[in-house]
Each structure stands twice: as structure tokens, then as C-alpha cells.
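Undergrad: pasted the sequence and its predicted model underneath.
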Amino acid sequence: MKILITGGAGFIGSHVVRLFVTKYPEYQILNLDALTYAGNLENLRDIENASNYKFIKGDIADQNFIDQLFANEEPDAVIHLAAESHVDRSITDPMAFVKTNVIGTVNLLNAARHLWQPGGYEGHVFYHVSTDEVYGSLDFGPEMFTEETSYDPRSPYSASKASSDHFVRAWHHTYGLPIKLSNCSNNYGPNHFPEKLIPLAIHRLRTGQPVPVYGKGENVRDWLFVKDHATAIDAVFHKGKNGDTYNIGGVNEWQNLKLIELLCDVVDQKTGQEVGTSRKLIKFVTDRAGHDMRYAIDSSKIMNELGWKPSVTFEQGLAQTVDWYLENEEWLNSVTSGAYQDYNAKQYAGR
Ligand SMILES: Cc1cn([C@H]2C[C@H](O)[C@@H](COP(=O)(O)OP(=O)(O)O[C@H]3O[C@H](C)C(=O)[C@H](O)[C@H]3O)O2)c(=O)[nH]c1=O
């Protein structure tokens, strides 16, 4: 089986590519990535020479390029992760999100349909990896998002992901395209670009800079270790039902301020500082526009039907994450300085 994984040089994508390349040597894995600021081939150095792995640089929003790629490579399946993913960026530049997340997804759906439909859809699947933000925002309390929760996206980012989910389902209902979807909560772990809360906070603490807490820090997110998200994607890809959606979460809700305080203490312990030192760097700043209050996701369907569950506790995952950032200072410096783009440019030159 030849699987096209889009966005495979990004944070979640690189963990998915590594899992599939190493766990399934019989599969051919094509990693398609535009190498934007958040895509980094450095994330995949350890598997870049594997015989079942190939990297292709390209933009999913470029229809001609995508059509040509499908004609040349004839993938059997698609796992679609490529997306603009940062909510703050979507507030300042919404069109980039429409282009990649909506138009890019429709280009892939069209190309898959045109390649697969003539011979019959048997053995093919288009799997869209999405977010719990499509369901909107919850108040504090016991309510959680389930697969039946109505969509209520509120940021340009979540609107673009909700739109792409709808397009994926429309291709299933209208053209019979075999599809799967999953909607996951906040991920954390190694290789996360330091614009998102956890890697940003670690980077700032490590360099003695203030850690910005939006508003009062009361907002709640559910956190899942990225490698557990990759195993969930593996389960949905192989065992999920055609046409179905699976929610994925960590059963691990945290208020932002409490999470940042915990992170400060972990960094203090790991760096040998007196616990409490890093908390002095917490700085309350103006809130994010339209800031969703709470995301909480019910993962019982994937747990009961597919037998998946998270493998690490938050304490273990956070400790591993902080260790990784402290040990990979060079990676962090390169992604914050832009030097990684030179590496990426060299890597794909001539391909
Ligand atoms: C960057 C930053 C964030 N925050 C707050 C804002 C949120 O309440 C929370 C997490 O923010 P972050 O931007 O890391 O993630 P979300 O906005 O929850 O969205 C993330 O999780 C979902 C599932 C996706 O689908 C997104 O792609 C992913 O970016 O911390 C701060 O208080 N300070 C900061 O400096």
C-alpha cells in the first residue's frame, strides 16, 4: 500500500510519518509538505533514508501540482494532516487558512476521487485529521464534545477546519469516496513549534523571558501527548469504519494558568533551580480575540470501539517534553532563528 501523508514535516505529521515508516515496513510512505515556517525536515532526520519513505515538497493549495502528483504517484490512501494550525495567526491572516485548509483539502479530495473512482473505491481511504475546535466552546461543567455535537466554529482557524470536515463528508455522501475523520484535542510533545502554549512557555522560561498568559488564564484545554495522537491515527486508519468520525482526547483538562504553573515547576526541577523561580516570569497579557473558554472531548467511542487509549500520564509526557526541549537547544534555536529553512532548502534541492 502506498500512503500519501500530507503535512508530514510538521509537528503531529512527523510523529505519524515516523510511526508508519517504522511500524509498517511493507507500506510506501510519501510525505508531502510545503515546508512552511512550521514544517521542518529536521524532525524526520532519523528516518529520512528509510527505503519505504519518500519526501515530496509541494503545496496542497496548488491544484495542478496535486493533480500531477496523484497521476505520477497513484497513492492508495491519503492521511491528510497538512494545515495552518495556529489560532492567533488565523486572526491576523485568515486567508492563509482558507487557502491551505479549505482549498487544499478540496484539491486533495478531487484528486483522490478522480484517481480512485474509475477502478472502484475498494482498498482506498481518505482520512482527514481534524480538531476538536470545530465543536465550538464549552462552559465550565461536565459537558463534553461527542461525535454528535453540532459544529459551532468560532475562530477563522476552526471555521476553516470545520469547512474542510464538511467537504470531506460531502465527497463521501455525493461521490461515495471512502473517508474517515478524527477530531483531536490539544497536542504537546517534542518537535512542537514554539508559538503554541507549551513549547512557547518552555522556550521563554529557558531564555528567561516572560511567559504570556492570555486574559486571566482561566481557559481550559484537554492535552494529549503527540505520540498518543499518532497511535490513535494508526487505530482509526486501520480499524475505523468507513464514513465514521472518532473524537480523540487525553482525558486531561487543565486551566491555562494551572498548566503554566506546573510547567514552571517542572522546568525549575529539571534545571536545578529553586522551585518557584520560574513562576515569577508569568505575565498576564491582553486576551485572544474571541478566545474559546473550554474544550473537553469525550473519547469513549475510539476507546470502546477501537481499543485505543493514551499511554502516558500528563506528568510523564510533560517531563519527556521538557527534557526534549532542554536537550534539543539547537533545534529550538534553529526554528526560532529561521536557520532550519536553510537545512530544508538543502534537503529538497534537486528532488
Ligand atoms: C500561545 C499562547 C496561548 N495561550 C492560551 C490560549 C489557549 O487557551 C491555550 C492554548 O493555546 P494554543 O495556541 O497553544 O492552542 P489552541 O488555541 O488551544 O489550539 C491548539 O489546539 C487545537 C486543538 C488545535 O486544533 C490547534 O491547531 C492548536 O493550535 O493557551 C496563552 O495563554 N498564552 C500564549 O502565549
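TA: In hand now; what should we look at?
Undergrad: ok, the residue lying farthest from the centre of the chain - contacts?
TA: Ranked by distance from the centre of the chain (Cα atoms, centre = their mean), the top residue is Glu274, with 34.1 Å. Listed by Cβ atoms under 8 Å, 6 or more residues apart in numbering, the contact partners of Glu274 are Asp268. Where C-beta positions appear, they are placed from N, C-alpha and C, glycine not excepted.
Undergrad: for the lowest-mean-pLDDT helix or strand in the chain, name the packing helices and strands.
TA: Sorting the helices and strands of the chain by mean pLDDT, DSSP states H and E puts helix 339-348 at the bottom, at a mean of 72. Helices and strands touching helix 339-348, by 3 or more Cβ pairs under 8 Å, 6 or more residues apart in numbering; DSSP states H and E, are strand 53-57, helix 329-337.
Undergrad: buried ones in the last one?
TA: In terms of neighbour count (16 or more other Cβ atoms under 10 Å), helix 329-337 has its buried residues at 331-332, 334-335.
Undergrad: and what of the first one?
TA: Of the residues in strand 53-57, those buried under the neighbour-count criterion (16+ other Cβ under 10 Å) are 53, 55-57.
Undergrad: pLDDT added to those, as TSV?
TA: Below are these laid out as TSV (pLDDT from 0 to 100):
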residue	pLDDT
Tyr53	98
Phe55	97
Ile56	97
Lys57	97
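Undergrad: any weak-confidence spans in the protein?
TA: Within the chain, the segments meeting pLDDT under 70 span 347-348, 350-351.
Undergrad: please, where are all the strands along it?
TA: 2-6, 28-33, 53-57, 77-80, 125-131, 179-184, 186-188, 211-214, 220-225, 245-248, 253-255, 282-285 (DSSP state E).
Undergrad: quick check: angle from the fifth one to strand 179-184?
TA: So the one you mean is strand 125-131. With axes from the mean of the first three to the mean of the last three Cα atoms, to 10 degrees as the basis, strand 125-131 and strand 179-184 are set at 20 degrees to each other.
Undergrad: C-alpha coordinates for strand 125-131, PDB please?
TA: The C-alpha trace of strand 125-131 is given here as PDB (Å, rounded to 0.1, in the frame of the first residue of the first chain):
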ATOM      1  CA  VAL A 125      -9.400   5.600   2.000                       C
ATOM      2  CA  PHE A 126      -9.200   9.400   2.500                       C
ATOM      3  CA  TYR A 127      -8.500  10.100   6.200                       C
ATOM      4  CA  HIS A 128      -8.900  13.700   7.400                       C
ATOM      5  CA  VAL A 129      -7.200  14.600  10.700                       C
ATOM      6  CA  SER A 130      -9.000  17.400  12.300                       C
ATOM      7  CA  THR A 131      -9.600  19.300  15.600                       C
END
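Undergrad: for it, which outside residues touch it?
TA: With Cβ under 8 Å, 6+ apart, strand 125-131 has contacts from 12, 16, 77-81, 85, 105, 108-109, 112, 158, 161, 164-165, 168, 171, 177-184, 233, 236-237, 240, 242.
Undergrad: what does Asp292 show for phi and psi?
TA: Note on Asp292: its backbone torsions stand at phi -60, psi 130 [degrees, to the nearest 10].
Undergrad: give me the nearest residue to it, chain neighbours excluded.
TA: Sequence neighbours aside, Ser137 is the residue nearest to Asp292 in space, at 3.7 Å (criterion: Cβ to Cβ, 6 or more residues apart in numbering).
Undergrad: sorry, back to before: what distance separates the least confident helix or strand of the chain from the middle of the whole chain?
TA: Distance, stretch centre to chain centre, for helix 339-348: 22 Å (Cα atoms, centre = their mean, to the nearest Å).
Undergrad: which bits of the chain sit near the ligand?
TA: 85-87, 131-133, 185-186, 196-197, 200, 212-214, 219, 221, 256, 288 (Cβ under 6 Å from any ligand atom).
Undergrad: buried subset of these as a PyMOL selection?
TA: In PyMOL syntax, the buried subset of those is picked out as below (16+ other Cβ under 10 Å):
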select buried, resi 85+86+87+131+132+133+185+186+196+197+200+212+213+214+219+221+256
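Undergrad: list the contacts for the residue nearest to Glu143 when sequence neighbours are not counted?
TA: Excluding its sequence neighbours, the residue lying closest to Glu143 (Cβ to Cβ, 6+ apart) is Ala296, at 7.2 Å. Residues near Ala296 by Cβ under 8 Å, 6+ apart: 138, 143-145, 220, 222, 249, 253.
Undergrad: same thing but 7 Å
TA: 138, 144-145, 222, 253 (Cβ atoms under 7 Å, 6 or more residues apart in numbering).
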